[in-house]
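what shape does this take:
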Amino acid sequence: MLTGALLCTQLLISVCQADEPGRYDDGARWAFITDKTSAQVAVVDTFYHKHVDTLTMKAIPTMMEVSDVQDMLLYIDGKTPQVYVYDLVKKTHWAMAVESIPRSLAVAPDGARVAVALDNKLVMLAPLTNTYLETIPNLSMPYSLNFDTGGYNLYITDQTSGKTKIWRVHDAAITEIQLGSGGNVSEVTLSPDARLVMVGDLVNNNVSVWDLFMEQEFARIPLQSTPWRPYVSSDSEHMILAAKNGQGLVVNTWTGQTVKSIDFKDTTTEIRTGWLESIGVVATRSGLNIFNLTSKEAAKHFPLSAPLGDVVVVADSKTLFATQGGQSQLLVVDLRKERLLPALETGLKAPNLIAMGLTNTICH
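Below you'll find the model as predicted:
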């Protein structure tokens, strides 16, 4: 009986803490919106669609990530050789110095380590304990960083050649693969099932797909013009591809066959999926296009008055949030009913980046 009582008490404490005002440790609920013109960050409750708080950072973030497991905001400012850390529970700030100005960050799925891209090397940090871990030398910009879903491997892709180092976390072993034809490529996209890795080949206008299980190229999918970074649905069933001229394709990840072709009739800018992975979302300069991934139904187009900035789909895949140029409000889209919802005021002058701990935006 005593054990049961203790368990109930612990559960009650946990539930109360989860709803405690100002405690932003539910990665699927809270979105953190940066501002282009100030160090303020708006906290948005994505469950109830409202702005609940404004935090003040030590600098204006040029990139921000959330360590959901360890309840931290991690960000860089593009000006100083530091990685800034904000504890979301204790409301404390600190910084970890690095050798040069960081260019990008990638947080491991366990939240315990962060990969920091410098100009000529990569450093691993454990921000919660303020610890410096491994260094991967002999790199050159531009390169992209991506952990696989399990956090077992880090993919480091030279974006001028497609040469990709796969760095194994537990023993620092490195293997290499070639993505694309040897010229410029997009950032890498990994399928959530850790089976496929892919890039847009910016020289030959195709998407190069590598099968990690078979250790060979799976497909090269031609497009009519320069491809955007490919996108994979979070169930790993479909690739969503878009070319800058407005061409769109939905491709089955197991067969490599095209299951849907779409002409968006405008320059494309963003790709997402949502609502139980049945819905695709592609943004163009003129608006937002929402479509069923496999049916013959035409895409539904929503004209926009301002260009999209950062875009996320929340973890339950029901709702899309996006910043827009020149707007203090967030665009909100119900992906289930394929309709726009009332815009969400952030209290910021120029909302820029959106960071969440858990989203449906797994691969992009």
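
mind giving me the packing neighbours of the host helix or strand of Leu125?
Following DSSP states H and E, one finds Leu125 within strand 122-126. Applying 3 or more CB pairs under 8 Å, 6 or more residues apart in numbering; DSSP states H and E, one finds that strand 122-126 contacts strand 114-117, strand 131-136. All C-beta atoms are positioned from the backbone trio N, CA, C, and that covers glycine.

partners of the last one, with directions?
So the one you mean is strand 131-136. When sheet partners are counted by DSSP bridges, strand 131-136 sits next to strand 122-126 (antiparallel).

buried residues in the partner strand?
For strand 122-126, a neighbour-count test (16 or more other CB atoms under 10 Å) marks 122-125 as buried.

just put those residues in a markdown table and tack on distance to Leu340 and pLDDT.
Shown next, in a markdown table, are those (distance: CB to CB, whole Å; pLDDT from 0 to 100):
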| residue | distance to Leu340 | pLDDT |
| --- | --- | --- |
| Leu122 | 41 | 95 |
| Val123 | 43 | 97 |
| Met124 | 42 | 96 |
| Leu125 | 40 | 96 |
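
angles on the backbone of the closest residue to Arg29 other than its chain neighbours, please.
Using CB to CB, 6 or more residues apart in numbering and skipping residues adjacent in sequence, the residue nearest Arg29 is Phe47, 5.4 Å away. As for Phe47, its main-chain torsions (degrees, to the nearest 10) stand at phi -70, psi -40.

over to Thr129?
phi -100, psi 0.

any idea how many residues pack against it?
When counting by other CB atoms under 10 Å, one arrives at 9 neighbours for Thr129.

from Gly280, how far off is it?
Counting by CB to CB, to the nearest Å, the gap from Thr129 to Gly280 is 41 Å.

rewinding a little: of the buried residues of strand 122-126, which is the nearest to Asn205?
Nearest to Asn205, judged by CB to CB, of these is Leu122 at 29.7 Å.

nearest to Thr268, of the helices and strands packed on strand 122-126?
Of all the helices and strands packed on strand 122-126, strand 114-117 sits nearest to Thr268, with 26.3 Å by CB to CB.

check which helices and strands that closest one sits against.
Using 3+ CB pairs under 8 Å, 6+ apart, the elements in contact with strand 114-117 are strand 104-107, strand 122-126, strand 143-147.

which one of those lies nearest to Leu353?
Leu353 lies closest to strand 104-107 among the helices and strands packed on strand 114-117, at 11.8 Å (CB to CB).

dump that closest one to PDB, restricted to CA.
Output in PDB follows, covering the C-alpha atoms of strand 104-107 (Å, rounded to 0.1, in the frame of the first residue of the first chain):
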ATOM      1  CA  SER A 104      25.000  25.800 -37.100                       C
ATOM      2  CA  LEU A 105      23.800  23.400 -34.400                       C
ATOM      3  CA  ALA A 106      22.400  19.900 -34.300                       C
ATOM      4  CA  VAL A 107      20.900  18.500 -31.100                       C
END
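
gap between the closest residue to Leu118 other than its chain neighbours and Val83?
Excluding the flanking residues, the one nearest Leu118 by CB to CB, 6+ apart is Ser100, at 4.9 Å. Distance of Ser100 to Val83, given as CB to CB: 12 Å.

these two: who's more crowded?
Using other CB under 10 Å as the criterion, Ser100 and Val83 rank with Val83 on top: 21 against 11.

list the residues that contact that one.
74-76, 95-96, 98, 102, 105, 114, 116, 125, 127 (CB atoms under 8 Å, 6 or more residues apart in numbering).

I'd say Val311 and Met356 touch.
No: in this structure Val311 lies outside contact range of Met356 using CB atoms under 8 Å: 11.5 Å.

low-scoring pLDDT stretches of the stretch 251-364 of the chain, where are they?
Within the stretch 251-364 of the chain, the stretches with pLDDT under 70 are 272-277, 358-364.
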